[in-house]
Structures are given as structure tokens and as C-alpha cells.
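>>> Just a sequence and a predicted model for now, questions to come.
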Amino acid sequence: MYKNLAAALAAACFFSPVFSQTAAAGKALQAEPVKAGFVYVSPITEAGWTRQHDEGRKAVEAALGSQVKTTFVENVAEGADAERVIRDLAATGHQIIFTPSFGYMEPTLKVAQDFPHVKFESITGYKTAPNVAAANARYYEGRYLAGIAAGRMTKTGVAGYVAGFPIPEVLQGINAFTLGMRSVNPQAVVKVVWLDVWFDPPKERDAAMALFNQNVDVIAFHTGSTAVMAAAQERGKMAVAYHSDMRRTGPDAQIVAVTHQWGAYYTQRVRAVQQGAWKTATVWGGVREGMIRVGDFGPRVPAAVQKEVLAAQKAIGEGRLQPFRAGKTPVRDNEGREVITPGQALSDTQILQMNWLVEGVQGKVTR
């Protein structure tokens, strides 16, 4: 999860996948288990960003059994605290360390310089080094699909979006959600509230409640807790779960979930260390690579809508549907400027540098 506005991400052209690395022929597996460390930016809650990464850690254990030993440290603030924790893991024999938060990128790079034989995985970072890889997911693909569901389900035509920071990853999600919604409900609008924080359940709840008071009947969010889903359940509204399936929190509110699936990637990278095949790389995987999945529909969603969303998900996975491709008419931002010309699609570099909100979004980007 990204932390601040710095870094235009021009150097962040990720290529995917790297799920095919294999050990050199005949290379023996190391006898001792691989020690893998994980650093989490928030507590492990029942759902959310950190929960999904911890599910990825558990998937590594399930796949490799006695061949791996994992350690995790939760609720680690970005900055000096992160550097201290990452350094401690490196100093205590961990051979690979996963740091899933954008604000961990610089501390990870700093520690990596002092531990050249330790492998580091900067998740949502974009800078690499000989012993630092970077990986992220195309969250926007799931957001587009969720927008289709929201567009079909809304009665008011007004959606809400509770967002952390106006950085490219979040802007991609808001824009894709809006484009997906308007692909089936052309007059729909999306109202955005910025929080300037990733994890603050009371603040997340207050923002959701404020949006529900503005004719919003379906809401999405890019924050770290289940507070928005809980608010939707309380108010009898609809919500899109993010990071995790949140039906336990919003059994009636949840219409669909955009989930992040880290287990296969984490397992592959730990196995590469085990086999002596780990190499630095950059990965930006989505539906096709199995890193993003949409499903977990709630009871309100008709079978026809579920079928439509799943068909669109298949089309994205097969490359037949691109959220940021214009049709016969241009895509414009909410200030009237043409941002995607007719028949054209944004490049990865353009998506990674996104600094605008699409037509239909009620909100502003601080530039």
C-alpha cells in the first residue's frame, strides 16, 4: 500500500509475470528451511490489506511445510520503525523479507545495502536493487469489475468512495471503478472523500456515513479496515469489499469483493531462494496472473449481474477487455480534458503516472 505522493513512478514499468523461475538443472535444495520474514503496516485484522498478506504467508507455509519457517511483525509504522524491524529480521538470519507497504520501500533499500546476501521483496514499491525485487498488483482491474456490479445495483446512480491518499494506485482504482460503473449506467456519479490516512476505522466510518447522507447507496473504499463495510451494513446500504471478502462484517451490505491473492507469488519467491534461483525483478500482475480476483457476491446480487461481472473478469484475464481503453469516443477527465483518445489504451507508464480523475467523479486531485 502506497504512503505518500512522492515518486511519479516514471521508473516503475512493471512487467509480469515472474512465476516461471526454476532452479538450475540438478541444483540441490538446501537442507535447512528458508527463513522468511514479513513486515505489516497495520494489525492483522479479520479482513483487509494486512490480512491478505498474512494469508499469503500462510499459503507459503502450506505449500512448503517444513522447508520454510516464517516470522511476521505487525503494526509497524513506515519510516524509522520499519527500518529497525527490517534490519532486525535481516540480522537474525532471515534469507528473504517481504515488506508490503509503499512507505517501506526506502527503509528496505537502505537495509538491503548492508545485507547483500539477504533477498528483499518490496511490495507496492518500484525501486529495485541486486537483492531487492518489487511487486504490485493491478488492483484497478478488480475495481472496474466492481464498478459494473455497482452500476447494476445502484438505485440512486450515486456511489461513494472513501480513499486514503490521491496517489496513482488510488486514482487508478477510482477511475476504473467509475468507468466500470458508467459502462452499464452512463449517468452514474462517484463522490470521493479523501482521508489522508490508510488505517483509521473511526475516520473511515465517519466518511462513509457522510457519503450515505448525500444520496449514496453503494460505496467503495481504499482504506485498511472493515469500517466502511460495517457502516454500510448499519445503514442498510451496499458496499464493495476491498482487499478481502468482508461478508462476515457486511452479510447484507456486500455486493462483491475485490480480493488480492499473494500466496502464489510469495510461495514462488521463497521457493526461488530455496533453490538458489532468486533474481531481482519487477512484477505487476492482475487477473491474468491470479493476483486479483473479483467474486464473493452478496445475497442481493442477481444471478444475471454475477454472470455479467464474471464474464468481464474472464475477458480482462484473456486481454479482450482493458479498463483504460477508449471506445469510439474519447475518455475525458472531470475537468473536461481528453485523457484517452478514441480507440487507444493507456500504456503501463501512463497508468502508473495517473494524476487525474475521470469524468463522473466528484472530487479533486491535489497536484
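On my side now, so go ahead. Numbering: from 1, shown residues only.
>>> Next, the buried residues of stretch 337-354.
339-340, 346, 351-354 (16 or more other C-beta atoms under 10 Å). Placement of C-beta: from N, CA and C, glycine included.
>>> Dump those into CSV; add distance to Arg271 and secondary structure as well.
Listed next are the buried residues of stretch 337-354 as CSV, based on distance: C-beta to C-beta, whole Å; DSSP: H, G, I helix; E, B strand; the rest coil:
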residue, distance to Arg271, secondary structure
Val339, 41, strand
Ile340, 39, strand
Leu346, 34, coil
Ile351, 30, helix
Leu352, 28, helix
Gln353, 33, coil
Met354, 34, coil
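>>> so which of the residues you listed would you say is closest to Phe115?
Checking the buried residues of stretch 337-354 against Phe115 by C-beta to C-beta gives Leu352 as the nearest, at 28.4 Å.
>>> Check whether the closest one really touches Pro168, as I assumed.
Yes: in this structure Leu352 lies within contact range of Pro168 using C-beta atoms under 8 Å: 5.8 Å.
>>> residues in contact with stretch 309-317?
Here stretch 309-317 makes contact (C-beta atoms under 8 Å, 6 or more residues apart in numbering) with 141, 144-145, 148-149, 256, 286-288, 293-295, 297, 321-323.
>>> Farthest-apart pair in those, please.
Farthest apart among the contacts of stretch 309-317 - using C-beta to C-beta - are Phe297 and Gln322, which lie 23.6 Å from each other.
>>> Just the strands from the stretch 1-150 of the chain, written as ranges.
34-39, 68-73, 96-99, 119-123, 132-137 (DSSP state E, counting those that start in this stretch).
>>> Excluding covalently adjacent residues, which one is nearest to the residue most central in space within the chain?
Among the residues of the chain, the one closest to the centroid is Tyr139, at 4.6 Å (C-alpha atoms, centre = their mean). Leaving aside its chain neighbours, Tyr139 sits nearest to Gly173 (5.6 Å; criterion: C-beta to C-beta, 6 or more residues apart in numbering).
>>> what about stretch 314-333, how long is it end to end?
End-to-end span of stretch 314-333 (C-alpha to C-alpha, to the nearest Å): 27 Å.
>>> Going by neighbour count, list what's buried in that stretch.
316-317, 321, 323-324, 326, 331-333.
>>> all helices of the stretch 51-200 of the chain, in order?
80-91, 105-114, 139-153, 168-184 (DSSP state H, counting those that start in this stretch).
>>> nearest to Ala230, of those helices?
Once those are compared by C-beta to C-beta, helix 139-153 is nearest, at 18.2 Å.
>>> Output the contacting helices and strands for the closest one.
helix 168-184, strand 218-222, strand 238-243, strand 254-260, strand 292-295, helix 303-317 (3 or more C-beta pairs under 8 Å, 6 or more residues apart in numbering; DSSP states H and E).
>>> ok, Phe115 touching Thr92?
No: counting by C-beta under 8 Å, Phe115 sits too far from Thr92 to count as a contact (10.9 Å).
>>> I'd like to know how far the nearest residue to Phe120 once chain neighbours are set aside sits from Glu83.
Excluding its sequence neighbours, the residue lying closest to Phe120 (C-beta to C-beta, 6+ apart) is Val132, at 4.5 Å. Taking C-beta to C-beta, to the nearest Å as the measure, Val132 falls 14 Å from Glu83.
>>> okay, these two: which has more neighbours?
Val132 (22 against 18; other C-beta atoms under 10 Å).
>>> ok so, going back, and which of the contacts of stretch 309-317 is nearest Ala59?
Nearest member of the contacts of stretch 309-317 to Ala59, counting by C-beta to C-beta, is Arg293, at 13.8 Å.
>>> ok, how many other residues are close to the nearest residue to that closest one once chain neighbours are set aside?
In space, and not counting its chain neighbours, Arg293 is closest to Thr259: 5.1 Å by C-beta to C-beta, 6+ apart. By other C-beta under 10 Å, 21 other residues sit near Thr259.
>>> For Thr259, give the beta-bridge partners.
Beta bridges link Thr259 to His243, Arg293 when assigned by DSSP bridges.
>>> check contacts around it.
52, 142, 241, 243-245, 292-296.
>>> Having no further points to raise, I will conclude here.
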